[in-house]
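Novice: From the sequence below, what's the structure:
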Amino acid sequence: MSMPTTIYPSSHPCKLCNLTAQAKHTIQDIPYYYCSDCTLLFNTYWDNKPPLIPEQIAVNDKRREERWPAGEADHMYEKGWETLECMGWPVAWWSRQVHARLKKIPAYQTWVHRSIKRRFQKVLDFGCGHGISVTELRNRDGMNVIGLDPFSPIYEPYIIRTPLITHRFDSEIFDAIFSIETLEHIPNILEIFRELHRILKPGGVLLVQTRRLEDTEYKAKQDKWFYLEGPTTHVSIYSEAAMRTIADKTGWDSVSFRGVRYALFKKAPDR
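Specialist: The predicted structure follows:
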């Protein structure tokens, strides 16, 4: 089933600040609009379109498996712990190299893991994909981790295969949420961030990994940057300024950055 041809305008209201954003890149006839105020880069491909039909889901699954295979269990387990440590351990957040050296000391690693398990008693992996990190953290360490991904090929009771907005978790039930290479696929940005904020407990944290416009590769390659290769999947590309705007508009207490990939959003504790 093919979508009808869409005629895109040369400008569009910004999805964050509602000011006028101008078309900056056109990839496969789909324009990416750039807001010079909040510096969000986005396209409108999925705006006002129906949900994916089964044939499209199958194509999406095939492409994901070709480009982002499920991964080995040991590797995904280590990746899961690295994510938890970035969320919950200051040394891991501020210096990956120092933390990696300290982790060679068994007592340090045990201490970190115990501290994180106490702090993060219930965790959500938003956009969990194959859910292998979730499965391994649950099976090896008894972590209470839940995955959510409407496109996940895995059928397990701890993998939720419905969109975040329609699932409607109870309020303030997660101690932490992480989201790896997911937010670039999200068209309804403010709605998603409000919902993530709502389901986090006071004092909780959200760690997101997604490439930002500060990436030197984007500055050098522009239209040829690999994040722009799939305009039907990568619809929202952020900057530090855009993420600060998101934090201000959706109730977060603060957001901090590491490199051009990681951003840590914090929800204010109870006063």
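
Novice: which is the next helix or strand following the helix or strand of the chain with the lowest mean pLDDT?
Specialist: Lowest on mean pLDDT, DSSP states H and E among the helices and strands of the chain sits helix 54-67, with a mean of 64. Counting by DSSP states H and E, the next helix or strand C-terminal to helix 54-67 is helix 73-88.

Novice: Report the backbone C-alpha coordinates of that next one in CSV.
Specialist: Extracted C-alpha coordinates of helix 73-88, given in CSV (Å, rounded to 0.1, in the frame of the first residue of the first chain):
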residue,chain,number,x,y,z
ALA,A,73,23.3,-11.6,25.1
ASP,A,74,26.6,-10.9,26.9
HIS,A,75,27.2,-7.7,24.9
MET,A,76,23.6,-6.5,25.5
TYR,A,77,23.9,-7.3,29.2
GLU,A,78,27.1,-5.1,29.4
LYS,A,79,25.4,-2.4,27.4
GLY,A,80,22.4,-2.5,29.8
TRP,A,81,24.6,-2.0,32.8
GLU,A,82,26.6,0.7,31.1
THR,A,83,23.3,2.6,30.6
LEU,A,84,22.2,2.1,34.2
GLU,A,85,25.6,3.3,35.4
CYS,A,86,25.4,6.4,33.3
MET,A,87,22.0,7.2,34.8
GLY,A,88,22.9,6.4,38.4
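
Novice: The helix or strand just after that helix: how far from the chain's middle?
Specialist: Using DSSP H and E, the helix or strand that follows helix 73-88 towards the C-terminus is helix 90-94. Relative to the centre of its chain, helix 90-94 is centred 19 Å away, using Cα atoms, centre = their mean, to the nearest Å.

Novice: May I see the buried residues of helix 90-94?
Specialist: Going by neighbour count (16 or more other Cβ atoms under 10 Å), the buried part of helix 90-94 is 91-93. For glycine as for every other residue, the C-beta is placed from the backbone atoms N, C-alpha and C.

Novice: before we move on, what about stretch 189-202?
Specialist: Buried-residue list, stretch 189-202, by 16+ other Cβ under 10 Å: 189, 192-201.

Novice: for stretch 201-218, same thing?
Specialist: Within stretch 201-218, the residues that qualify as buried are 201, 204-215, 218, counting by 16+ other Cβ under 10 Å.

Novice: Helices of the stretch 1-150 of the chain, start to end?
Specialist: 54-67, 73-88, 90-94, 96-102, 106-119, 132-141 (DSSP state H, counting those that start in this stretch).

Novice: so which of the ones you listed comes closest to Glu240?
Specialist: helix 90-94 (15.9 Å; Cβ to Cβ).

Novice: Which other helices and strands does the closest one contact?
Specialist: If contacts are counted by 3 or more Cβ pairs under 8 Å, 6 or more residues apart in numbering; DSSP states H and E, helix 90-94 sits against helix 73-88, helix 96-102, strand 254-258.
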